[in-house]
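Student: Curious how this folds, go ahead:
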Amino acid sequence: MATATNPHLAPPPPDLAIVQVIKDFYRNSRTIKENIILVGYDEKPMDFDNSEMKFLKCSYKVGPNQFNRFIKRGAASSKDWASDYHFVRALAHPAAIQVENYVKSECVIISEVDGSFSKWLNKREPIELFADGTMLPILRNMIIQLASLVESILAKRKYPRGTVAKEEFSMKELYIKLLPDKTPKLQVLILKVENRIPAQVVKTWTTVREIATECFERHNVNPNQGSRDFISCIGILTKNVQALLEGHPDQWDNTKKGGFLMESYAYSQQVSGRINKSELRWPVEDDGRTPWLLSQLILRGREKKVMYDKDFPNDYVKLCRHSYKHFKKLPNNIKASLGGSTDGLIHQIEVWSPRIWHILYVALHKPGSG
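Tutor: This is a model prediction of the structure:
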């Protein structure tokens, strides 16, 4: 690596991540600054397709210890950058590239990455990322981390911009860091933020959804309904984003679906109102009649003095719950029609209402639910 000779690239002050190492070496924090040297800066790292990334390599040398970093040049004007620097440096999120320091000549010191997300995505085979129209955990978790990072920025009343002047936030800001076991980790470079406004909040969430959708499009994979529902939640479930996206019904098995249905009795009046206003409807045949099996379950309820109003979708949810809870007590002909188990009932509910779990999940967890 070449020795730094550019007079405009002065050694930055130490970043907090290495202060302890320095202290351990010198045992005297007063000698830290004078012993930090930026030893090189003119080698460009290579992307996953062997093209050059728009960074330069550099190293901190602290006594015998050396720390590799990247330099991002021309990130912003000095005036603009000063207003954002403290915000992005304090952006403590596992998906955020660490912004450590900046020096003259508009150079920003950041943590290393192994390549861009876009080039990494292009190098993957569809079987590595998708199965039956759904994202495998490796990609799904990256999208969740991206949404979680966006939530953390918006929560501070800011929104992210692109690293290039006047460009919007996009996939260009996404990178990959390979962990020691070669597991890819999403890293996002945030250098520019602006004060949050409603229109930009909507646009930012739209961008995240578009990035998720583009992952499918790059590999000519048609997302299944569960994946489309998962992506549609981004920007709707805007609080506790990571946990709610991780728990989205597109990954549920029948046990989880049944448990969620059993919890529906605890839905608040507000959530019930959302269900009634949602796209969920009482199932009907092509001729407008109630399906025979559903009519039998309604009749069974009447025999037990339980009435269901077809004008209210929430009553349909109650019927499904009661049928699941009391499945063993259903007439034998109904149980036989459902395959003799609650799994058969879950399957039939999904035939009647393919998106029921997603609709109920959003109604329950959408901000403002009580």
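Student: Okay, strands next: where are they in this structure?
Tutor: For the chain, the strands defined by DSSP state E cover 36-38, 56-62, 65-73, 99-103, 107-110, 115-116, 130-131, 134-135, 158-160, 174-178, 184-188, 193-195.
Student: want to throw those into JSON lines with mean neighbour count, mean pLDDT and distance to Ile211?
Tutor: For every residue, glycine as well, the C-beta is placed using N, CA and C. Below are the strands of the chain laid out as JSON lines (neighbours: other CB atoms under 10 Å; pLDDT from 0 to 100; distance: least, CB to CB, whole Å):
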{"stretch": "strand 36-38", "mean neighbour count": "19", "mean pLDDT": "54", "distance to Ile211": "34"}
{"stretch": "strand 56-62", "mean neighbour count": "19", "mean pLDDT": "75", "distance to Ile211": "27"}
{"stretch": "strand 65-73", "mean neighbour count": "17", "mean pLDDT": "81", "distance to Ile211": "21"}
{"stretch": "strand 99-103", "mean neighbour count": "21", "mean pLDDT": "76", "distance to Ile211": "21"}
{"stretch": "strand 107-110", "mean neighbour count": "23", "mean pLDDT": "81", "distance to Ile211": "21"}
{"stretch": "strand 115-116", "mean neighbour count": "22", "mean pLDDT": "98", "distance to Ile211": "13"}
{"stretch": "strand 130-131", "mean neighbour count": "17", "mean pLDDT": "96", "distance to Ile211": "15"}
{"stretch": "strand 134-135", "mean neighbour count": "22", "mean pLDDT": "96", "distance to Ile211": "12"}
{"stretch": "strand 158-160", "mean neighbour count": "23", "mean pLDDT": "95", "distance to Ile211": "12"}
{"stretch": "strand 174-178", "mean neighbour count": "20", "mean pLDDT": "97", "distance to Ile211": "7"}
{"stretch": "strand 184-188", "mean neighbour count": "21", "mean pLDDT": "97", "distance to Ile211": "10"}
{"stretch": "strand 193-195", "mean neighbour count": "13", "mean pLDDT": "91", "distance to Ile211": "18"}
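Student: gap between His322 and Glu303?
Tutor: The gap separating His322 from Glu303 is 12 Å, by CB to CB, to the nearest Å.
Student: more neighbours, those two?
Tutor: More crowded of His322 and Glu303, by other CB atoms under 10 Å: His322, with 20 against 8.
Student: Surely that one is in contact with Val306?
Tutor: Yes. Counting by CB atoms under 8 Å, His322 touches Val306, with 6.7 Å between them.
Student: what's the domain layout of the chain?
Tutor: 116-250, 254-365 (automatic domain parsing).
Student: closest one to Ile97 among these?
Tutor: With CB to CB as the measure, domain 116-250 is the member of these nearest Ile97 (4.7 Å).
Student: quick one: low-confidence ranges for the stretch 101-250 of the chain?
Tutor: 103-106 (pLDDT under 70).
Student: center of the protein - which residue?
Tutor: Ile144 (1.8 Å; CA atoms, centre = their mean).
Student: still on that earlier bit, in CSV, list the strands of the chain along with distance to Asn220.
Tutor: Output for those, formatted as CSV (distance: least, CB to CB, whole Å):
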stretch, distance to Asn220
strand 36-38, 45
strand 56-62, 36
strand 65-73, 33
strand 99-103, 36
strand 107-110, 34
strand 115-116, 21
strand 130-131, 10
strand 134-135, 15
strand 158-160, 29
strand 174-178, 21
strand 184-188, 21
strand 193-195, 35
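Student: Quick one, which of those strands gets closest to Arg289.
Tutor: So among the strands of the chain, strand 134-135 is nearest, using CB to CB, at 33.9 Å.
Student: contacting residues around that closest one?
Tutor: Leu129, Arg140, Ile143, Ala212, Cys215, Pro223, Asn224, Gly226, Ser227, Phe230, Asp250 (CB atoms under 8 Å, 6 or more residues apart in numbering).
Student: now what about stretch 270-290, what contacts it?
Tutor: 267, 291, 294, 298, 310, 312-314, 316-317, 352-353, 355-356, 359-360, 362-364, 366, 368-370.
Student: Sorry, wrong one. I was asking about stretch 219-226.
Tutor: Contacts for stretch 219-226 (CB under 8 Å, 6+ apart): 124, 126, 129-130, 132-134, 213, 216, 231, 249-251, 354-355, 358.
Student: give me that answer again for 7 Å
Tutor: In this structure, residues lying in contact with stretch 219-226 by CB atoms under 7 Å, 6 or more residues apart in numbering are Pro126, Leu129, Phe130, Asp132, Gly133, Thr134, Phe216, Asp250, Pro354, Arg355.
Student: can you check stretch 109-119 too?
Tutor: Residues from elsewhere that reach stretch 109-119 (CB under 7 Å, 6+ apart): 12, 47-49, 53, 68-72, 97-102, 171, 174-178, 186-187, 189.
Student: Which residues are in contact with the closest residue to the residue nearest to the centre of the chain other than its chain neighbours?
Tutor: Take Ile144 and drop its neighbours on the chain: the residue closest to it by CB to CB, 6 or more residues apart in numbering is Leu245, 4.6 Å away. The neighbours of Leu245, taking CB under 7 Å, 6+ apart as the test, are Ile144, Ala147, Cys233, Leu237.
Student: As a markdown table, those with distance to Ala155 would be great.
Tutor: As requested, the contacts of Leu245 are exported to a markdown table (distance: CB to CB, whole Å):
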| residue | distance to Ala155 |
| --- | --- |
| Ile144 | 16 |
| Ala147 | 12 |
| Cys233 | 18 |
| Leu237 | 14 |
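Student: Run through the bridge partners of Tyr175.
Tutor: In this entry, Tyr175 is beta-bridged to Ser116, Gln187, by DSSP bridges.
Student: Start the count at 17 instead of 1 going forward.
Tutor: Okay, using 17 as the starting number, the last item reads as Tyr191.
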